[in-house]
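Novice: Make a model of this:
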Amino acid sequence: MRQEQRTATPEGPFQPLEAAALKELVRTNDVVLVSAVGALLDGANIHHLVFDNNMSIMDGSLGVLPRRILVHEDDNLAARRLLTDAGLAHELRDND
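Specialist: All right, here's what the predicted structure looks like:
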């Protein structure tokens, strides 16, 4: 049975967290790039999540499996603009 993720909101505690509201910004196995993108987003106060960060356990710490950086869809354009201005436009995933 799959457990639904929940988060506290101003409307009340533990409202459902909708995965559809997240957009993939970058997918890479370069841990330095993950750190740099995270620092840029933090500096711009854009909340983000790094998925698959601990998947290296599965691949024997070889770094083969990419990490994904996701942002809320409301922050997607600002995050893309930020990374483009930083010269990282070539790292952005397609904006679907």
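Novice: Any idea which helix or strand in this protein has the lowest mean pLDDT?
Specialist: Lowest mean confidence among the helices and strands of the chain (mean pLDDT, DSSP states H and E): strand 6-9, at a mean of 48.
Novice: biggest helix in the protein by residues?
Specialist: Counting by DSSP state H, the longest helix found in the chain is helix 31-43.
Novice: For that one, the averaged confidence score.
Specialist: Per-region confidence: helix 31-43 scores 95 on mean pLDDT.
Novice: What helices and strands are in contact with it?
Specialist: Counting contacts by 3 or more Cβ pairs under 8 Å, 6 or more residues apart in numbering; DSSP states H and E, helix 31-43 packs against strand 22-28, strand 48-51, strand 67-72, helix 76-85. From N, CA and C alone the C-beta is placed, and that goes for glycine too.
Novice: looking at those, which is closest to residue 91?
Specialist: Residue 91 lies closest to strand 22-28 among the helices and strands packed on helix 31-43, at 5.2 Å (Cβ to Cβ).
Novice: mind saving the C-alpha coords of that closest one as PDB?
Specialist: Coordinates of the C-alpha atoms in strand 22-28 are reproduced here as PDB (Å, rounded to 0.1, in the frame of the first residue of the first chain):
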ATOM      1  CA  LEU A  22       6.900  19.600  -9.300                       C
ATOM      2  CA  LYS A  23       8.900  20.200 -12.500                       C
ATOM      3  CA  GLU A  24      12.300  18.600 -13.300                       C
ATOM      4  CA  LEU A  25      14.900  21.200 -13.800                       C
ATOM      5  CA  VAL A  26      18.200  19.300 -14.100                       C
ATOM      6  CA  ARG A  27      19.100  15.600 -14.300                       C
ATOM      7  CA  THR A  28      22.800  14.900 -13.900                       C
END
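Novice: Give me the contacts around stretch 31-40.
Specialist: 25-26, 28, 48, 50, 53, 63, 67, 69, 82-83, 86, 88, 91 (Cβ atoms under 8 Å, 6 or more residues apart in numbering).
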